[in-house]
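J.: Kindly generate the corresponding structure for this input.
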Amino acid sequence: KKLQYDFWITRTKERVSKCKQMLNISEDKDIVINGIKIPAKFTVDYMLDKVQEYDEWKTSAWTNWHGDFTLENIIKDVNDKLYLIDCRQGYMDNLKYGDKIYDFAKMNMNLSFNFTSIYNNLYNIISNCDNTNIHVDILLNSEAIKCKEIMKKFVEEKHNISYNYIEVLSGVIFLDLCSL
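T.: Numbers count the residues shown, from 1 in each chain. Have a look, this model is predicted:
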């Protein structure tokens, strides 16, 4: 459980804190993101505390994992056989096992915020001078939307994991990666 906490919570808090300092972002004001008001009480710390209330957090099990399960790390050979490449070297201190839910959430995040769209500047972020009103547009193709539906069915029916939990963790991963 300590590795799980350090991987998800401690690391994300540290990265987001650095990002907030760099961008001079304060959590003491309400903000509006794409027209949705986010009250100041819903801080990153609040969100990370809520993550730990899910049953899936409490019952998370060690398993084989990829660690960077994204579309960009799946290749297909001439015979249409799929291969996973660029596996993470370890889950904090553990080199053999990790959290499969991380893989599900990372792929789900990748389907929502595809790196190819980001690398090719197919997004737009507009904010006011104090970052309290932000609008984000990221190109998302229809195939990604279909894949998210398949992902939802897969995690709920085959792994008995709440898709809402996967969505929340996808947001945590996005916050974690934004600071890099």
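
J.: Near the spatially closest residue to residue 24 that is not a sequence neighbour, how many other residues are there?
T.: Spatial nearest neighbour of residue 24, chain neighbours left out: residue 131 (7.9 Å); criterion: C-beta to C-beta, 6 or more residues apart in numbering. C-betas here are computed from N, CA, C, even on glycine. Residues within reach of residue 131, counting by other C-beta atoms under 10 Å, total 14.

J.: Which residues are in contact with residue 131?
T.: 23-25, 31 (C-beta atoms under 8 Å, 6 or more residues apart in numbering).

J.: any idea which element it lies in?
T.: Using DSSP states H and E, residue 131 sits within no helix or strand.

J.: what's the answer for residue 47, then?
T.: Here residue 47 is assigned to helix 44-51, by DSSP H and E.

J.: same thing with residue 75?
T.: Here residue 75 is assigned to strand 74-76, by DSSP H and E.

J.: residues making contact with that strand?
T.: For strand 74-76, the external contacting residues (C-beta under 8 Å, 6+ apart) are 82-85.

J.: Strands along the protein, start to end?
T.: Taking DSSP state E, the strands of the chain run over residues 31-33, 36-38, 62-63, 74-76, 82-84, 98-99, 123-127, 133-138.
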